[in-house]
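# need coordinates for the below:
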Amino acid sequence: MIRRWKLFVVTGVAAALAAVTGVANAKTGTPRWEPCPIGRAPIECTWVSVPVDWKYPGGPTLALRVAVLRATGKRLGAVLTNPGGPGVSGVQRLPAMAGKFGAAVRESYDIVSWDPRGIGESSPLSCPPDADAAFARLGVPGSVGERVRYEQATATWAHACRRQSGPVFDHVDTLGNARDLDRLREVLGEPKLNYAGFSYGTRIGLFYADLFPKRVGRMALDSAVDPASDEAGFFDGQARAAEQAFTDYHAGCASRAGCPLGDLTVAEARAWLAPFLRQDAELNGLLPNILRQPATWPSLDELLGELRAGEYQPGGGEGGGEVASHAVNCLDLPDHRTAAQIMAEARRAAARYPLFGRMMAGSVVCTRWPAHATYRPHPITARGSAPILVVGTTHDTATPYAWAESAAKNLSAGRLLTVQGTGHVAYGTDACATDVIDRYFLDGTLPPAGKVCRKE
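Numbering: from 1, shown residues only. A predicted model of the protein is given here:
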């Protein structure tokens, strides 16, 4: 059967359900929760008002959509959580996130998430359809001249999105999200923040600990990002992780009957696949995301099998849905390089990471973003915080293990849990890591220094 493959993003943007701005739609003080079930999950939702710009707390506001899944037993408090992204609805992902927690944690804690500013129902960013379609058609630059034209085109797209989205466009940065998180802590009546962050959600947690170290309660950060990275460093790390993921995917061919690359060495497999990635921007986006979890590798077997047989049909990749992710990253990850510097780095990245280096290094969009970065990358120490548990998987397929190592090392009270294996986010997928994190939330017990979980 030939399938038309559609581009999907594992940490992608949820569909915007409604745009709600202004104090009139936000509940202040004690929140009024109302049923908002998702599937069979008995979720309750509310609105919480926050400033559009935290530099002016008395200025215009926006309403954050917040959701809770109540503790099933004797309540100890609340754990706030973010699933990753940036660009993902925490409300829509709440049932899946709550499923990561063990039964004892679910008995003891309300699990709370929210749609971060500019995402989901929290004043979502949007773009004119024609601008999104033009952006989706852009290829990966192959020369300095192409890079200059690419920057002009991405700037045109971003300006169109900014005009349509309004003032919130300039204020979807993670520093703002961290301050929103503290407002949620206050509204929930929690003296300290208990927090579980995954992937991009670890950036929110690290920024929170940097701003409010004395307000940190029990914080677990799984698949940590590097808060000292600029845009160049961030995408170099992502390319490194994706390249390692392909190596691990190929190594598993012997155990999967459907793998179409079993007759090729990993070098031969890369040499065969690289030209397709150079020619097809959609494949460039599709492959790293299917590689994220070993559980989805059979789908990649199918896709690559169709590619080898000449039967692959692109899904016609719809434009749109990317602006929130780019907007957050461009406010968090400054990039002041010239087009020539970026293309030189793209050539070096292509040599280091033959499949994904050129695409990830050469197609960055922040150099001419219409809103300036608000964050200055630096190691975060969070001096004075309670212990923070950082979880890193040795072959993480999106956020390199080295990022978790450095994040834990730089924290004044960091403790690293190493998960030996392949995959992105260990909590809820690895029994050992899940047990360690559950015990930490239940009684504050940290794993011993040097603790290693080995994925089955």
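# grab the nearest non-local neighbour of the residue sitting nearest the centre point of the chain.
By Cα atoms, centre = their mean, the chain has its centre lying nearest to residue 85, at 2.5 Å. Closest residue in space to residue 85, ignoring its immediate chain neighbours: residue 200 at 4.5 Å, by Cβ to Cβ, 6 or more residues apart in numbering. Any C-beta I mention is one placed from the backbone N, CA and C, and that applies to glycine too.
# correct me, but the one you found touches residue 225?
Yes. Under the criterion of Cβ atoms under 8 Å, residue 200 makes contact with residue 225 at 6.8 Å.
# the residue nearest to residue 85: neighbouring residues, count only.
26 (other Cβ atoms under 10 Å).
# list the contacts of it.
Residues near residue 200 by Cβ atoms under 8 Å, 6 or more residues apart in numbering: 11, 82, 84-86, 88, 225, 328.
# now residue 372
Contacts for residue 372 (Cβ under 8 Å, 6+ apart) come out as residue 331.
# could you measure from it over to residue 156?
18 Å (Cβ to Cβ, to the nearest Å).
# likewise residue 297?
38 Å.
# so which of those two has more stuff around it?
Higher neighbour count among residue 297 and residue 156: residue 297, with 22 against 14, using other Cβ under 10 Å.
# work out for me the element that one sits within.
helix 297-308 (DSSP states H and E).
# run the chain-centre distance for that helix.
Relative to the chain's own centre, helix 297-308 is displaced by 25 Å; criterion: Cα atoms, centre = their mean, to the nearest Å.
# again with stretch 142-157
25 Å.
# neighbouring contacts of that stretch?
Under Cβ under 8 Å, 6+ apart, the answer for stretch 142-157 is 127, 131-132, 134-135, 138-139, 141, 339-340, 342-343, 362-363, 365, 367-370.
# and what of stretch 293-309?
Here stretch 293-309 has contacts from 2-3, 5, 10, 248-249, 252, 256, 258-261, 272-273, 276, 286-287, 290-291, 312-313, 397, 422-424, 429, using Cβ under 8 Å, 6+ apart.
# what of stretch 382-391?
By Cβ under 8 Å, 6+ apart, stretch 382-391 touches 192, 202, 205-206, 209-210, 213-214, 216-224, 404, 407-408, 411-417, 419, 426-427, 433, 436-437, 440, 444, 446-447.
# let's see it at 6 Å
Outside stretch 382-391, the residues within contact range by Cβ atoms under 6 Å, 6 or more residues apart in numbering are 209-210, 213-214, 216, 219-222, 224, 404, 407-408, 411-417, 426, 440, 446.
# list the buried residues of it.
Of all the residues in stretch 382-391, those buried under the rule 16 or more other Cβ atoms under 10 Å are 382, 385-391.
# return it as PDB; C-alpha atoms alone will do.
The C-alpha coordinates for stretch 382-391 follow below in PDB (Å, rounded to 0.1, in the frame of the first residue of the first chain):
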ATOM      1  CA  ALA A 382      19.800  28.700  40.600                       C
ATOM      2  CA  ARG A 383      21.800  29.300  43.800                       C
ATOM      3  CA  GLY A 384      19.600  28.700  46.900                       C
ATOM      4  CA  SER A 385      17.100  26.400  45.200                       C
ATOM      5  CA  ALA A 386      15.900  23.100  46.500                       C
ATOM      6  CA  PRO A 387      17.500  20.100  44.800                       C
ATOM      7  CA  ILE A 388      16.600  19.800  41.100                       C
ATOM      8  CA  LEU A 389      16.600  16.400  39.400                       C
ATOM      9  CA  VAL A 390      17.900  16.400  35.800                       C
ATOM     10  CA  VAL A 391      17.300  13.400  33.600                       C
END
